[in-house]
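Q: Sequence and predicted model, in that order:
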Amino acid sequence: MHWYTEGIERAFKLDERDAADEPAALTTPSNTPLMYALLDIFFLIFHSSLVVFTLVGWIWKETRRAHLLVLSLTMCSWFGLGIWYGFGYCPCTDWHWQVKTKLGETNLPMSYVKYYADRLTGLDWNAFVLDLVVAVFGLAAFGVSIWLNFRAWRRA
C-alpha cells in the first residue's frame with residue numbers, strides 16, 4: 001500500500017464502521033470520512049508546496065514580493081503565535097493534524113517536516129535536529145528575501 005493512499009483507505013474503513021455504529025454520521029457532509037481523506041490530500045499538496053515556496057520563492061523576480069509576504073507571515077506564526085503554542089507553530093500543521101486525527105492517526109509529531117521525513121525515508125529522524133535545519137533554512141530564506149526585496153525597492 002502506498003503511503004499517500006492509506007488515508008483514503010482508512011476513510012472508507014471508517015465509513016463502514018460509522019455506518020454500522022452510527023448511521024446518522026454519514027448524513028452530515030462535514031462529518032464524512034471521505035471529506036477528511038480529501039482534506040488530508042489537500043493539506044499534503046498545499047503545505048508541501050508552501051514549504052518549497054518558502055525555500056526557493058526568492059529565486060524568481062516575479063515571486064519575490066509574495067515570497068517576502070509568505071515568509072513574514074511564517075515568521076509571525078513561528079515566533080509570534082509560538083509564544084502561546086510553542087516555537088515553530090504552524091496553523092497548517094495544526095489543521096492537518098486535526099484531519100489526520102479524524103482519520104485515526106495517533107502520536108503525530110509537532111513537526112510537519114519530521115512527520116514526512118520519517119514517512120518518506122522509513123527512519124526516525126531526531127526532531128530537534130530537523131527543527132534546527134528547518135529554522136536555519138527558513139531564516140536564511142527570509143534574510144535573502146528581505147535583502148533582494150530591499151535592493152529592488154532601492155533601485156526602483
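A: Everything's here; your move.
Q: pLDDT on the helix or strand hosting L34, on average?
A: Element membership for L34, per DSSP states H and E: helix 33-56. Throughout helix 33-56, pLDDT has a mean value of 95.
Q: Likewise for stretch 70-89?
A: Averaging pLDDT along stretch 70-89 yields 94.
Q: And H67, how far from P33?
A: Going from H67 to P33 by CB to CB, to the nearest Å gives 36 Å. Quick note: C-beta positions are derived from backbone N, CA and C, even for glycine.
Q: before we move on, what about A135?
A: Separation of A135 from P33 (CB to CB) stands at 35 Å.
Q: returning to that earlier point: packing partners for the helix holding L34?
A: Under the contact definition 3 or more CB pairs under 8 Å, 6 or more residues apart in numbering; DSSP states H and E, helix 33-56 sits against helix 6-21, helix 64-75, helix 91-102, helix 112-121, helix 127-155.
Q: what angle sits between the last one and helix 64-75?
A: With axes from the mean of the first three to the mean of the last three CA atoms, to 10 degrees applied, the angle from helix 127-155 to helix 64-75 works out at 140 degrees.
Q: any chance of the helices and strands packed on helix 33-56 in JSON lines, plus mean neighbour count and distance to L44?
A: JSON lines is the format used below for those (neighbours: other CB atoms under 10 Å; distance: least, CB to CB, whole Å):
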{"stretch": "helix 6-21", "mean neighbour count": "15", "distance to L44": "9"}
{"stretch": "helix 64-75", "mean neighbour count": "17", "distance to L44": "18"}
{"stretch": "helix 91-102", "mean neighbour count": "16", "distance to L44": "8"}
{"stretch": "helix 112-121", "mean neighbour count": "17", "distance to L44": "8"}
{"stretch": "helix 127-155", "mean neighbour count": "14", "distance to L44": "17"}
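Q: Relative to L55, which of these is closest?
A: helix 127-155 (5.5 Å; CB to CB).
Q: That closest one to helix 33-56, inter-axis angle?
A: Between helix 127-155 and helix 33-56, the angle comes out at 60 degrees (the same axes, to 10 degrees).
Q: how far out from the middle of the chain is helix 127-155?
A: Here the centre of helix 127-155 is set off from its chain's centre by 18 Å, with CA atoms, centre = their mean, to the nearest Å.
Q: Just the angle for it relative to helix 112-121, thanks.
A: Using the same axes, to 10 degrees, the direction of helix 127-155 lies 120 degrees away from that of helix 112-121.
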